[in-house]
Structures are given as C-alpha cells and as structure tokens.
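Q: Need the 3D shape of this:
(chains A and B)
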Protein chains: 2
Amino acid sequence: MDKYEKILDLCKRRGLFSQSAEIYGGVAGFIDYGPIGSRLKDNLVRLWKKLFIDSHPDLIYEVETPIITPEPIFKASGHVDHFTDPITQCLACKRVFRADHVLEEKGIKAESLTDEELAVYYTKGVECPVCGGKLDTPKRFNLLFKTTIGPYTSSIGYVRAETAQGMFTLFKRAYEVLREKRVFGLAQVGRVGRNEISPRQGPIRLREFTQMELEFFFDPQDTDQVKPFLNDVASESLRLMFANGEKIEEIALKEAITRNIIASPWLGYFMILGKKFLLELGIDLNSQYFLEVPKWKLPHYSKQTWDLMVNVDKWGWIEVAGYSYRGDYDLRAHSEMSRVDLRVFKPYQSPVRLKKLKLIWDADRLKEKFGKKTGSIISKLKTLSEAQMKAAIEKGYVEIENEKIPIGELKVIEEETEEYGEKIFLHVVEPSFGVDRLFYVMIDKAYTEKENRVVLKIPRKLAIPQVGVLPLVTKDGLDRVAREIFKTISKAGIIVTYDEEGAIGRRYARLDEIGVPLAITVDYQTLLDGSVTFRDRDSWRQVRVKKEEIISAIKSFVYDDAKLETLGEPFFIESDARINNG
Amino acid sequence: MDKYEKILDLCKRRGLFSQSAEIYGGVAGFIDYGPIGSRLKDNLVRLWKKLFIDSHPDLIYEVETPIITPEPIFKASGHVDHFTDPITQCLACKRVFRADHVLEEKGIKAESLTDEELAVYYTKGVECPVCGGKLDTPKRFNLLFKTTIGPYTSSIGYVRAETAQGMFTLFKRAYEVLREKRVFGLAQVGRVGRNEISPRQGPIRLREFTQMELEFFFDPQDTDQVKPFLNDVASESLRLMFANGEKIEEIALKEAITRNIIASPWLGYFMILGKKFLLELGIDLNSQYFLEVPKWKLPHYSKQTWDLMVNVDKWGWIEVAGYSYRGDYDLRAHSEMSRVDLRVFKPYQSPVRLKKLKLIWDADRLKEKFGKKTGSIISKLKTLSEAQMKAAIEKGYVEIENEKIPIGELKVIEEETEEYGEKIFLHVVEPSFGVDRLFYVMIDKAYTEKENRVVLKIPRKLAIPQVGVLPLVTKDGLDRVAREIFKTISKAGIIVTYDEEGAIGRRYARLDEIGVPLAITVDYQTLLDGSVTFRDRDSWRQVRVKKEEIISAIKSFVYDDAKLETLGEPFFIESDARINNG
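A: Below is the predicted model of the structure:
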C-alpha cells in the first residue's frame, strides 16, 4: 500500500471519511464524513471562518444562499454556456469518456487543445480504452447537475457549481443592508455539485464538495481602505511561481504589489491569509506556493488568477484554492441579465459643476412639419447624447427616422448642473477554497508512522476528539473514577472519549491513530490524590497533573499549544512499545 | 402590516433573510440568509448540536453525507413511490395546482382524502381558481428534485428530501467504526430539497431548507442503556396532545413511559431535550407541545410520531420538529434493497446449547428415484426450516416439486450446537428539526415593540452581533478610543460592530432592532479613566464599567446572562427616547 491507500484505509476504518452509498456499491465522486471526520472538517472550516471572516468585523460577513439555483443566474455567470468538458462515446460499447483524458492517457498533450484540434484526432480514429471500439467525435458535456423547479418542466434549475453566484445575486441587498458601504466582503461555506464524467481521485476530485468562498467588493480607485490591512502583514512574503516562470520565487508582499505582480492589493492581502491558514492546518511553507494561471488558461471572468498549490505524497502539486481578480465581470453580467442596476453611488469629494448642452424644441412646430411621426421623433430627441448634439450643431441638422430636422428648428442651450457623484461597478477579488481537498491534505501532512503504528499529528486545536480518558485497568474502581473525570471534562465543553477496552498500549495506539493530542490515564495514584497522567501524542512522554488543574491544563495544551512539561511533574513509565506488546 | 409582514420587512432590511434571486424577480420557496441571519442561524444550529450531540460524548456522533443521492437509496426509503402530492392542471390556462389545496380553498376538507375520493370531485368538475377553466383529473407529482449523475441518463440521482437516509446508508460503516456498539446515534445538519408545487408561506414552507436530524439506534430489548439518561431528566414533564385528545395534557416523563404513552423511553428522553432546546431559543412552555400523529396519518416508516408544535402569531400552531419511532423499518428496507445484512450481532449472556433437527440423505438413492430432478430437490432439502422438518416427520413425507419423498428415504438426526448470540436489527428513534421554521419562530418570539421601535429580544447568547461599540460623538478623539475598544473586543473572540453614524439614540435603535444585547458607549469619562457605559437592550438601563473589566463583563452578560446591575455602577442619563429624538 502506498501512503494514499494507507490514508484511505485509515479514514474508512476510523470514521474520517469513506465512499458514499457503500452498501449500494458506492458512487464515484461522493464521500461521507464519519463520526470523526465530520467534526474534523468542521474544525477546518471554523478556522477558515476565524481567519477570513471573524478577524474582519464590520467588513466581511457570512451569508448563506440556496444550492438549487434558477437558470438565469448560471446563464449570467457563463456556466450554462462554458462549464463543459469534451466527452466522447464508444460506438461499440457505448461507454463515455473525457475526450482529452483519453488522449492524455495515450501520451498526447491534450489539455490545451481546442475543440477543433481535438476533433482532428478523433476524425483520424481513437480507440476505446476499454473495448477497443471506435470513439465518436467529441461533444461538449455540461457539468451542471440539472433539475426542474416546481411542476413546469420549463422552469430549469441547477445544483450550483460554486457558491459565488449566490453572493453576487445577493450583492444589492447586502449593499443596502450594510448602509451602502463601498468596501465589504461576503463569504459563504457550502456544498456545490459538478457532474464530472468519471471522477477517480477519491477526495481530490468529487462530484459534490464543500467550498469556502469570499467575494470581496471594493472600489479599485480607493487605495486607502486596504492600507491598514496591508500594514498588519507588512513583513510577510509570498512564494510565487509566474505563468512563464520555472521556479518558485519568494517575494515580499509590498514588492509584489508595487511591482504590479499581483493585480490588486486586496488580492495580495488575502493571499497572505491563505498562506497563514495553510500553516495552521499543518502545511509548511515548503509545501505551498501560488501559481500564476497563464493568460490563455484564465477563466472568462478573471483578470488574474493565482492557484494556491500544495504538495501531497500521491498526486504531487494540487490546487487547493483559486485566487481570482474578477474585476467587475460578475456585477456587470448580472446587471445586464437581470436589468437591475448593480452599480453603487460614489460621491465626489465635493460636488462638481458641469456644463451640459440641452436641446429645446417647440412641439407644435414639429407637429406641423412631421405630423404623426412627431411623438416618436421627440422621444428620440430626448435620448440624444452630448456628442450627438455637438455633431448636430456642426452638421446643422439632426437626423431622426430619415427626417432631417434643421438645427434652427431646435434651440441649443448650455445648462450648468451640479453633480454629487457617479455610479460605478465595484470590483471583486475572490479567494475560493475547496474544503475536501484541504481536508485530505491536512491528513496527508499529519500522517506519520512510529514503531509500526500510525500517529496522526493533526494540529492540536483541530483534532477530534481532543482528549481520551483511560483507566489503567478496569478494576479497583479505576474505571468508575475515570468515567467521572470523563464526564467532568465533557461538561467543560471539551470533546472527549473514554476507552477501557484492551491493554493500555493498544488504547494509546488507537488514540494516536486518529490524532487525539492528549491521553489522560487514571491509575492507582489517582485513587490516592486525584492526580492523573497526561500523555502527549507526539512525544509519547507523560507528566502527572494535579486533580484541580486537569481542565485548565487540557485547555493550555490543546488551545494554547503549551508544552507538556509545563503542565506537571515528569512521569516515568516503561516505554509505550513495551506496554503495547504486553 | 401584520406582525408577519413587519418581521419579513425587518429581516429583509437588516440582512436576516430575504427571498433568493431577488434581482431576478425571486423564486418561490428559496431564501437567502444575509449578513446577520446567516450567523444567527448558525448559532441556533450550534445550540442544537450542543444539546443533542456534544452532551452525549461517545454516544451521539455528527456525520455528513451528500445531498445528491443515487436512486436506489430513495427507492428503499419509499420516497420514489410515496413522496408525492396530488396535482391538477387547468385544461385552459395550463396552470398547475395542488389538487387537495384547490378543494380546501373551496371549503372542502380534502387533506385526508384518498386519490380515488379526490378524483370523484374532479370528475364532477372543479374550476381553475385563476381562469375558471376546467381542471384535469389529479395526478401524483413526485416532490424529489431529480437529476442525473455522470454522463449516462439512466443513472438517476435525487436531491435528498431528508438527511436521514445518509445516516441509514452509513449505518454499517459507523457501526464498525464505533466497534460494534449496539446503542449510538448519528446526527446530521444539512440542506434538503422538496419540490413543492407552489410554496407560499415564506420561510415556513421552502423548497430548499436545512434539517437537523438525529437517528438514534438501539436495541429495544435493552432497557438498561437509557436509564442514566432518564435519571438526568427524571423530574421533567411533557406537554402532550393525544391523537384523539382535545386539550394539551402535562404528563411526567416517567408516567408517559410507564403508561406506554410514548412508544420508546429514548423517544421520551429526546422529547425532553427538544422542549429544553425550544426554551433556550426563547419559546416558552405555553407556546409548545407535542401532538400525537393519528395512526391513519402516520408516515409509512413510523410506529409512532409526535410533532413538536409551536405557536406563532401569523400561522397559529405549526410543526417545527417530528419525533418518530421508526422501529427497524429503515435498516430492514436498506438490507433488502442493498442485499447487505444490516443486522448486528447480539451476544447471549452465556452461550446457549440448542438442539436442532438435521436431515441427511443418500444422494445416490435419490438419483435413482428422481433422475435429473435430483439436484434441484437436494438444494430445496437444504433450505428446509426446523418447522418444515417437523411437519414432514408428522406427515411421513416431504413434498418438493410435486414429488413426495417418504421420510424413510431420509434420515432425521438431532444435533446439539452452541450459539453465542443472535443477529438483530437495531431500532431507530428520530428527532427531526426544520431549521428555517425554527429560525422564523425564534424571531417571532423575540419581536417586541417599545416606544414605536422594534426591540428584538433574541436570547443573549444567540444574538448577532453580541456587542455594539458607539462613540457618544465623533470628536475630541472619542471615535479613536471607541475604535480601539472595538478592536480589543473583536480580538477577544466576541462578535462586535462599530457605529458612529447619526445621533446616539438612533444608533441604539439600530442595535435594538436586530437584537444586539449590549451597547457600549464611549463618552468623555472614557477619556479620563477608560471606563465605558454598558446599555442593556431589554431594559435600556445603563451602568458604568471599569476599563479592565470590559471583556469579562461582556462575557458574563452575554454568555452567563448576568444582570446588568452586577457589572458596574448605575449610570443615569436622559431617557433613551429623549436622546433618540434629539
């Protein structure tokens, strides 16, 4: 078994995650999070929320929008037209494949081929990888899960392919709720669906998964808002690989912004947060960098995209987040599709006096001349732009509906108006994280083996359960005392498990395997003075902690990463391995 | 505006919730949770998790399974066949209606009518409520949102209509992960979809909503497991209305169990938790009771169901949770559909010696007599039950495939075996809560008006934000000091907002309106000694709190419901109303 298979086996056996609908033979691309995994995943999500949302009070807000989404929204987003993969069907066995993947497996670099280029290969003839039959010319397959809303089949809905669109469609409401701020973020954590042809990479490529996305709205002209945030991370640097680069370069954030390497300071700020987030998940700096997506691969909405790449044992470098500068693409697209103005009002520093041309006409005179057409002509006159008026003055007439109206029939005056501001589209930067991949990566990084057993070194504050309570033996009342301590710890809001089955060493091993950072053992000394031993998952060392300090010592150890040795007197026992074998 | 309309308006204006896809004209049955609502909803969910999951370490576990579900699972559950509503289409205008609702609106009690009884009305002729045209004979419309998984249209998937099925299909894996416990619960909070025909009750009837469900598995023969849990709630009582009852009766839990009013002690235990949960949401005892669902209305899976009913201003009594004793329906149904044995092994106290009859035959002699049929006859002989053997001994022959085999041709022996246990299906009790309805009810209960403004008296520990920080005025550095206090509070992990816009009274009013329990005001005294005033949302009274006690005082007030007066010296100001108008 390679490490990936070992992790999959561990996750299945110990309730982290396993394939969905297992008793029905499973369905590719779907996983269930079990009793340990669900909570562990929740801790990962909460950490993200703490860093990206809670640390920005009055600036970034969480929202929650539906999964089933009416068609116009995914039309506006471009998904209905562009969210497709090329597929090909075998004319003999009727199996369906990703047309580019089939070629890749035959050693052809097909990832960047256009549909026409792909077709060329298939016209020449490509064999079915299963039955050897002829594969049909590729077609486009839309990856949106389609359904209908209500009893009318014409009312199409989709399972959202990203949480982002819900935030764009909620933008106007949020803007009003937030009293017309011109800088704010909406964040959402939720499930999305992508109907992949044949997902095969376990938790790395799923048909249903959880996204954590932030849509950050701002006025690109306003460079003051971002300053205090940049100051907070002034000393930080980013590991970047340019689209045309060959190695990772470490560049100070400040430099990256001043040199315009990163298209928006806000994007840079959130990239630093992403780096910190990964560090807290146990992904060290050497295992992460930002990869600039080359222009030709950029999604249609993006001005610049950086993929946050992480190195895992099985798959090499994989993307766990995308950082896009979406410009005003989304708000503009939804304005056009919905015909609701999503621009915001930006006041000038002080009102601006503007001189504007204005046309005046005598409706009666026009009527004499143009009869029934007059109404229509007047409504067109009303919509003439400043430039059109100037052109008319130059030419000496206005031409409307094939009628030339001499400028003398009209009156041009210059009016002075006071303008208080203008309407602008806010721009968007979007950090978008895939939770399930990150979850896998966190396990991959935490996975270690020691003396032939697994020790899952998940960061203490993320681990589940946080503590295990074990009676050394189940006689002389040790188990009763241990159960009482277990209850006390649980009531203090700590996630705790109790285990009395089997030799103490085997029980330590079971806790180590799912990454429980702390094992508390109740022994004969406990009966005398209430003290217990604390055992550190990572060092296997133990200390003895006084009865009245148990709860505070757990909290220091789990939440504040206190060193075990600071929590009590060293406690010497025979080595774990000996006991384990005993 | 009635209270419901006022609440809807408030929720929309202040970012609690609003109709989804608003800029596209909205879609019935879908809502967005805004910047305040999303977090408030999360607090409601967390409270449920604390009571139902976290308070039961090593017993109840959270899991997370996909929303998109392959067809066999909803076949086994009965949803593909039974999860339907009767619909009727107008032959003239083509509009579609719920066939029973149309009759209800005409004053006919149609809720309990069978399809045949409904059809009788429609054959006689029912008018379209919109155009007056003739309505067609009702058909059954399935409420599952249907889609396809992968590129084959035959691979049908559904948006789950309940989270429960994910827990039943994960049962076997969880049972193994939990080392074959015969009592445990799996809980899940997640989105579900129900394709209602024409949902019209706002957040009360949605097409997509969040469920919080617990599937609790147990051996009904084992009455010891539940005892410590019942002891914890021994003094509690339940407000019950029987299926054939006319008034709510308050009955002690113990009595309800001993009198078999409640079909399982576990069901009773979780009913008490439900009652407590509602109390913590601010729904008092008089606004809640459990309604027994009459036998004829019971869902196909249920032995007994109690609906947890709550009284709201607009709709009267509505159901916010269903408590069902599902027996072994689900595990049995999935065993049959998946052909995976979902029974668990239950050891006997001590091994049991059993005498069993066994048939022995001489294959050669049978072959002489039955020729080609012999193989088939022998395979049938192998499957004979103990009872069939006894019957054969009595009759003197075994009859297989119209052949009578005299018992003399066979040999019956008695064998003694040792049995260590038996395989049983665990039973299930299920408390199932609808989050969005509860969310609305929580707002409805919290909604009050005082001096012509709204004060949303959400329980302090659930409110969002938890604190508002306001400088009395924005000059003389008060705003700078206030911003520093705001940051300090935020860093302590408290959800806080800052507001300096407008008169102080208006700012208090804005906080009251979304239920912020505590307003902290920075005034000129703050510049001298760092002290601030704390203002209680509900009483509008104020006290002055010392600088170094601000954080601990906030925590006491918000988390421990401390009385405002215990946190500092009374602080007298002109009445709120005066300032508000100033």
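
Q: C-alpha from now on. contacts and neighbour counts both.
A: Noted.

Q: Tell me where the longest helix sits in chain A.
A: Assignment by DSSP state H gives helix A:265-280 as the longest helix of chain A.

Q: Just the residues contacting it, thanks.
A: A:47-48, A:51-52, A:226, A:229-230, A:233, A:236-238, A:253, A:256-257, A:262, A:284-285, A:288, A:323-325, A:429-431, A:459 (Cα atoms under 8 Å, 6 or more residues apart in numbering or on different chains).

Q: Keep the residues you listed, but drop any that are not near chain B.
A: Among these, no residue sits close to chain B (Cα under 8 Å from any Cα of the partner chain).

Q: Pull the distance from the following helix or strand past the longest helix of chain A to the chain's centre.
A: The helix or strand immediately downstream of helix A:265-280 is strand A:288-292, counting by DSSP states H and E. The chain centroid and the centroid of strand A:288-292 are separated by 15 Å under Cα atoms, centre = their mean, to the nearest Å.

Q: Strand A:288-292: partners in the sheet, and parallel or antiparallel?
A: Strand A:288-292 has these partner strands in its sheet, going by DSSP bridges: strand A:237-241 (parallel), strand A:304-312 (antiparallel).

Q: and the next element down the chain from the last one?
A: Under the assignment DSSP H and E, the closest C-terminal helix or strand after strand A:304-312 is strand A:316-327.

Q: strands paired with that following strand, and their directions?
A: When pairing is defined by DSSP bridges, strand A:316-327 lines up against strand A:304-312 (antiparallel), strand A:427-434 (antiparallel).

Q: Which secondary structure state does A:S198 sit in?
A: Three-state assignment for A:S198 (DSSP: H, G, I helix; E, B strand; the rest coil): coil.

Q: Relative to A:L118, how far out is it?
A: From A:S198 across to A:L118, the span is 19 Å (Cα to Cα, to the nearest Å).

Q: Equivalent analysis for A:W361, please.
A: 62 Å.

Q: Do a quick rundown of the helices in the stretch 451-582 of chain A.
A: Under the criterion DSSP state H, counting those that start in this stretch, helices of the stretch 451-582 of chain A are mapped to A:478-491, A:504-514, A:524-529, A:550-559, A:576-581.

Q: Go through the ones you listed and name the closest to chain B.
A: Closest approach to chain B among the helices of the stretch 451-582 of chain A is made by helix A:478-491 (7.1 Å; Cα to the nearest Cα).

Q: Using the three-state scheme, assign the residue located most distally from the centre of chain A.
A: In chain A, the greatest distance from the average C-alpha position (Cα atoms, centre = their mean) is reached by A:E368, at 65.5 Å. Look at A:E368: counting by three-state DSSP, its state is helix.

Q: List the buried residues in the longest strand anywhere in chain A.
A: Identified as the longest strand of chain A according to DSSP state E is strand A:344-361. By 16 or more other Cα atoms under 10 Å in any protein chain shown, the buried positions in strand A:344-361 come out as A:344-346, A:357-358.

Q: same deal with stretch A:456-475?
A: So for stretch A:456-475, counting by 16+ other Cα under 10 Å, buried means A:456-473.

Q: Using PDB, write out every CA atom in that stretch.
A: Taking C-alpha atoms only, stretch A:456-475 is exported to PDB below (Å, rounded to 0.1, in the frame of the first residue of the first chain):
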ATOM      1  CA  LEU A 456      -1.800  11.400  13.000                       C
ATOM      2  CA  LYS A 457      -0.100  14.600  14.000                       C
ATOM      3  CA  ILE A 458      -3.100  16.900  13.400                       C
ATOM      4  CA  PRO A 459      -2.600  20.400  14.900                       C
ATOM      5  CA  ARG A 460      -3.800  20.000  18.400                       C
ATOM      6  CA  LYS A 461      -6.500  22.700  18.300                       C
ATOM      7  CA  LEU A 462      -8.100  21.000  15.200                       C
ATOM      8  CA  ALA A 463      -8.000  17.400  16.400                       C
ATOM      9  CA  ILE A 464     -11.100  15.400  17.300                       C
ATOM     10  CA  PRO A 465     -11.600  14.100  19.900                       C
ATOM     11  CA  GLN A 466      -9.400  16.500  21.900                       C
ATOM     12  CA  VAL A 467      -8.800  14.200  24.800                       C
ATOM     13  CA  GLY A 468      -9.100  10.500  25.600                       C
ATOM     14  CA  VAL A 469      -9.600   9.300  29.200                       C
ATOM     15  CA  LEU A 470      -8.400   5.800  30.000                       C
ATOM     16  CA  PRO A 471      -8.400   3.800  33.300                       C
ATOM     17  CA  LEU A 472      -5.200   1.900  33.600                       C
ATOM     18  CA  VAL A 473      -7.200  -1.200  34.400                       C
ATOM     19  CA  THR A 474     -10.900  -1.700  34.900                       C
ATOM     20  CA  LYS A 475     -10.800  -2.900  38.500                       C
END
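
Q: who has more neighbours, A:S198 and A:L118?
A: A:L118 (19 against 16; other Cα atoms under 10 Å in any protein chain shown).

Q: The more buried one sits in which helix or strand?
A: A:L118 belongs to helix A:115-124, assigned by DSSP H and E.

Q: residues in contact with that helix?
A: If you take Cα under 8 Å, 6+ apart as the criterion, helix A:115-124 is touched by A:86, A:99-100, A:110, A:135-138.

Q: Quick check: A:G78 vs chain B, distance?
A: Using Cα to the nearest Cα, to the nearest Å, A:G78 is found at 16 Å from chain B.

Q: how deep is the residue in the stretch 451-582 of chain A that chain B sits nearest to tucked in, by neighbour count?
A: When distances are taken as Cα to the nearest Cα, the stretch 451-582 of chain A reaches nearest to chain B at A:T497, 5.9 Å away. A:T497 has 23 neighbours, counted by other Cα under 10 Å.

Q: wait, doesn't it sit right on B:L59?
A: No: in this structure, A:T497 is not within contact of B:L59 by Cα atoms under 8 Å, at 9.6 Å.

Q: end to end, how far does stretch A:143-154 reach?
A: End-to-end distance for stretch A:143-154, by Cα to Cα: 19 Å.

Q: Buried residues, that stretch. List them.
A: The neighbour-count check on stretch A:143-154 (16+ other Cα under 10 Å) flags A:143-151 as buried.
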